[in-house]
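Asks: can you look at this prediction? I've put the sequence above it.
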Amino acid sequence: MGVGFGGRPRDRRRADTGAAGGLRLADPPAGHRAVREAPAAMSAGLDEDFLAVMRAIDALDLFAAYRRIRGPLVVTRGQQSMADLLPAEAQEPWRAYERWTLAELRRTEAAVAGFRLHETAGGHDVHLAEPDLVVSLIAPALRG
């Protein structure tokens, strides 16, 4: 049991999918646990609308969905951290979370056929900043 972004208790165990040879997420390292256990620090000073969006995102289990894919899936990840946009006390836990997320994305790519991770030099909104790049990453997957 862990604590979600909004301070809600939530079960962080992952079910065996069978689709990827029983792939399970590794136990989150200390940095990820720090993010899960510090909801007050993570939400300090943030706008309520932003918090509502983050709570909704936190409820998703994207890695479970990634492990169940049956066709090509292209995931882009900007290398520029968003930590500097957060309050000072939340920056290091967020960076730890980003490191954990990258490690999980790499593990998923290694284990799931059809899953492709592409890191870009930019930030979170690569689809807005570099739409031609995103099209060039997706088009080959659509062609089969």
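Replies: Great, that's in hand.
Asks: hmm, who's touching the helix or strand harbouring T76?
Replies: Following DSSP states H and E, one finds T76 within strand 73-78. Strand 73-78 has contacts (CB atoms under 8 Å, 6 or more residues apart in numbering) with 66, 101-102, 105, 114-127, 134, 137-138, 141. Where C-beta positions appear, they are placed from N, C-alpha and C, glycine not excepted.
Asks: tell me the buried residues in stretch 80-87?
Replies: Residues 83, 86 are the ones in stretch 80-87 that count as buried (16 or more other CB atoms under 10 Å).
Asks: end to end on that stretch, go ahead and measure it.
Replies: One end of stretch 80-87 sits 17 Å from the other (CA to CA, to the nearest Å).
Asks: equivalent analysis for stretch 123-138, please.
Replies: OK, stretch 123-138 end separation, CA to CA: 18 Å.
Asks: all set now, cheers.
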